[in-house]
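Peer 1: Prediction below, plus the sequence it came from.
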Amino acid sequence: MFNKLKLRDSSLDGVRFKLSTVITKETREKLDNPECFLSTEQLNLLDPSRGLYLRYSVSNISHVCLDKKREKKFFSRLVSVVRIQLTNGEHVLLGFRHDSDQSVFIQKLEQYIRQHKQKKTNETSQTSPKGVGVAGIMQTRKEQVQQREEQLQNAFKDLESLMSQVKGLVELAQKYQGSLLESKVGEDMKEVVEFRNMAASLGVENPVTRAQLGGHGNEFHRQLAMEVYRTIEKPLRKNGGMMNLIDVYCWLIRARTTTELVSPDDLLAACEMFGKLHIPIHLSRLESGVIILEAGFMNDDEIAKKILEIVQSKASLNAVEYASLVNIPLLRAVSRLEFCEQMGFLCRDEFEENIRFFPNLYF
Amino acid sequence: MTVFRYPPFYSYPPSFTLQPVKATREKQLKLWCDLVLSYCKHYKIFKLSVTDSANSSLFANTAIDRKLSLAAVEEVFSRLVSMGYGEWLNKEANVCLIYWRRPYEWAEIIYDWVERSGKRKSILTFYEIRFSEDTAEFEFHGIDPELLLRSLQVLESQGKCAVFEGKTNDDLGVKFR
């Protein structure tokens, strides 16, 4: 919510920056000649002409970064946007008038955020004095766990913040693995499993998960494999029994109504389990390195008829057109069309090195 | 003479590519053979040269910019010959008699005309059969001499006529019985 500005508001001190655009979750209002004031305690966004301001406490800001993705989307001019991530999961986007302001702003804000965090930890360590002996060790351990948990929680809030924190997570995972190996007879197995699943769903290359599960795969991938089958059975049929793994991934993400994302690595791992789970889809790796899924639940006749339908919908197709239409590699498209021709559903028209396929009208 | 109407498959681009799949190719060649026979019947063509016809509108559809290759045209001709609807006139296999009527059918038609016009027991030259005014309204008017000879040989084998030798084809004579 915007607050009304009182003249000579003493709280609006700090460094002043001129902005071009402000986007917050709270308001899509356009601010005229917006400005911001950054102090060690507060970030104030300000519309001087209307006397409105928005206030954020620095302690409520989790981090700040450049949002390169939005460069062109919001501005006709190529200007990058500063993204301020709040601890409540929301974010604020700021566009600066002067490019030089941007880096100064980020540098200062980062410094202030660090100071706040430092203060916080000092406070907590003061309020809970470290014990000695076993109790002390347990206390420290508990605090560490809490801190890690917080980090994990933040990471899952949204993908973008996740991307910025993933590096820290990997480090954390490696550290965690080290301590796990040390205390193999861990009492708190529940926590271990939970962490492992989290890390697995992040696609973090985690030797703990992979090594311990061996070749058996885990429940997560098994479930995912079933889900993939349910989701892509129809589109796979429609595409003539063949789909690019990238398309499968898109279908899966789109089909998932929840915000839980699946990493490509997990999808691949799940697809590799099709055989073991007796799911009639084959994963094959083409020479070009492209990975595709082929429907084993369709017989040749069915597949050929689907290809024919696709060709019929366009009257005639060459391999390039077919490949781009169903999004498979060119060589594969050629073999598909020739297969359909062999089945007697298509005829070819060779003209100046270009082969077009037509529905077979001879029968 | 009316313009020949091509069948629908003549406007279908794949018709001009010899199909690699056997069953499809068989059907395709059958349609081409049918087209050649009806085309020749329409224009009263009795023999075709492979190379000439490959460049004619019979095997090239300019409307869709497609043309049957020479190899494919040869394939069509050899199919006609193997089915008994054509006969090579030379060893090089480049000129072919097209039998939109087979020699025995021509023989029947000619003998029918001989009987009806009271030409039995008389001698006629090939030229008279092919170009006289008497035959103008008949299908065999303008018939190719090679084909006429083959047809008359059919009648000869039935004992209905005797063919006399001459210096050229048109000097050949025939006596009907």
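Peer 2: Noted; the coordinates are in hand. Residues are numbered from 1 along each chain as shown, chains lettered A, B, ... in the order given.

Peer 1: For residue A:273, give me its contacts.
Peer 2: The contact partners of residue A:273, by Cβ atoms under 8 Å, 6 or more residues apart in numbering or on different chains, come to A:217, A:221, A:222, A:225, A:279. Where you see a C-beta, it was placed from the backbone N, CA and C, and this is true even at glycine.

Peer 1: Count the neighbours of the nearest residue to it once chain neighbours are set aside for me.
Peer 2: Nearest residue to residue A:273, sequence neighbours excluded (Cβ to Cβ, 6 or more residues apart in numbering or on different chains): residue A:225, at 4.6 Å. Neighbour count for residue A:225, taken as other Cβ atoms under 10 Å in any protein chain shown: 23.

Peer 1: mind checking how far the helix or strand harbouring residue A:225 is from the chain centre?
Peer 2: Assigned by DSSP states H and E, residue A:225 belongs to helix A:219-238. Mean-position distance between helix A:219-238 and its chain equals 20 Å (Cα atoms, centre = their mean, to the nearest Å).

Peer 1: domain ranges for the chain?
Peer 2: No chain was given, so I picked chain A. A:25-95, A:216-295, A:300-359 (the TED database).

Peer 1: right idea, wrong chain: chain B
Peer 2: For chain B, the structural domains run B:8-98, B:103-176, going by automatic domain parsing.

Peer 1: Please render those as TSV that adds mean neighbour count to the earlier fields.
Peer 2: As requested, the domains of chain B are exported to TSV (neighbours: other Cβ atoms under 10 Å in any protein chain shown):
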stretch	mean neighbour count
domain B:8-98	17
domain B:103-176	16
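
Peer 1: Chain A is nearest to which of those domains?
Peer 2: Nearest to chain A, of all the domains of chain B, is domain B:8-98, at 3.7 Å by Cβ to the nearest Cβ.

Peer 1: Over the closest one, what's the mean pLDDT, rounded is fine.
Peer 2: Throughout domain B:8-98, pLDDT has a mean value of 93.

Peer 1: is chain A contacted by it?
Peer 2: Yes. For domain B:8-98, a contact with chain A is found by Cβ under 8 Å from any Cβ of the partner chain, at B:9, B:12-14, B:16-17, B:19-21, B:23-24, B:27-28, B:31, B:65-66.

Peer 1: Tell me which two of these sit farthest apart.
Peer 2: B:23 and B:65 (27.2 Å; Cβ to Cβ).

Peer 1: Apart from its chain neighbours, what residue comes closest to residue 50?
Peer 2: No chain was given, so I picked chain A. Residue A:50 sits nearest to residue A:32 (Cβ to Cβ, 6+ apart), 7.0 Å away.

Peer 1: wait, chain B
Peer 2: In space, residue B:50 is closest to residue B:94, 4.9 Å off (Cβ to Cβ, 6+ apart).

Peer 1: Double-check the one you found against residue B:49; I have them as touching.
Peer 2: Yes. With contacts counted by Cβ atoms under 8 Å, residue B:94 reaches residue B:49, the gap being 6.1 Å.

Peer 1: strand partners of the top strand by length along chain A, parallel vs antiparallel please.
Peer 2: Secondary structure of chain A per DSSP state E: the longest strand is strand A:15-24. As defined by DSSP bridges, the strand partners of strand A:15-24 come to strand A:35-38 (antiparallel), strand A:91-96 (antiparallel).

Peer 1: Surely residue A:22 touches residue A:34?
Peer 2: Yes. Taking contacts as Cβ under 8 Å, residue A:22 lies within contact range of residue A:34: 4.9 Å.

Peer 1: Between those two, point out the one with more neighbours.
Peer 2: residue A:34 (23 against 20).

Peer 1: Going along the chain, name the strands of the chain.
Peer 2: No chain in the question, so chain A it is. A:3-4, A:15-24, A:35-38, A:42-47, A:52-57, A:61-67, A:81-86, A:91-96, A:242-244, A:281-285, A:291-295, A:317-318, A:346-351, A:354-359.

Peer 1: let's do chain B instead
Peer 2: Under DSSP E, chain B gives strands at B:47-49, B:60-61, B:66-67, B:86-88, B:95-98, B:123-125, B:161-164, B:173-176.

Peer 1: Find the residue closest to the residue nearest to the spatial centre of chain B in space, skipping its chain neighbours.
Peer 2: Per Cα atoms, centre = their mean, the C-alpha nearest to the average position across chain B is that of residue B:98, at 2.6 Å. In space, and not counting its chain neighbours, residue B:98 is closest to residue B:40: 4.6 Å by Cβ to Cβ, 6+ apart.

Peer 1: tell me the contacts of that neighbour?
Peer 2: By Cβ under 8 Å, 6+ apart, the residues touching residue B:40 are B:46, B:48, B:98, B:100.

Peer 1: Can you add distance to residue A:343 and give these back as JSON lines?
Peer 2: Converted to JSON lines, those look like this (distance: Cβ to Cβ, whole Å):
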{"residue": "B:46", "distance to residue A:343": "41"}
{"residue": "B:48", "distance to residue A:343": "35"}
{"residue": "B:98", "distance to residue A:343": "35"}
{"residue": "B:100", "distance to residue A:343": "35"}
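
Peer 1: Now for these: which two are most distant?
Peer 2: B:48 and B:100 (11.1 Å).
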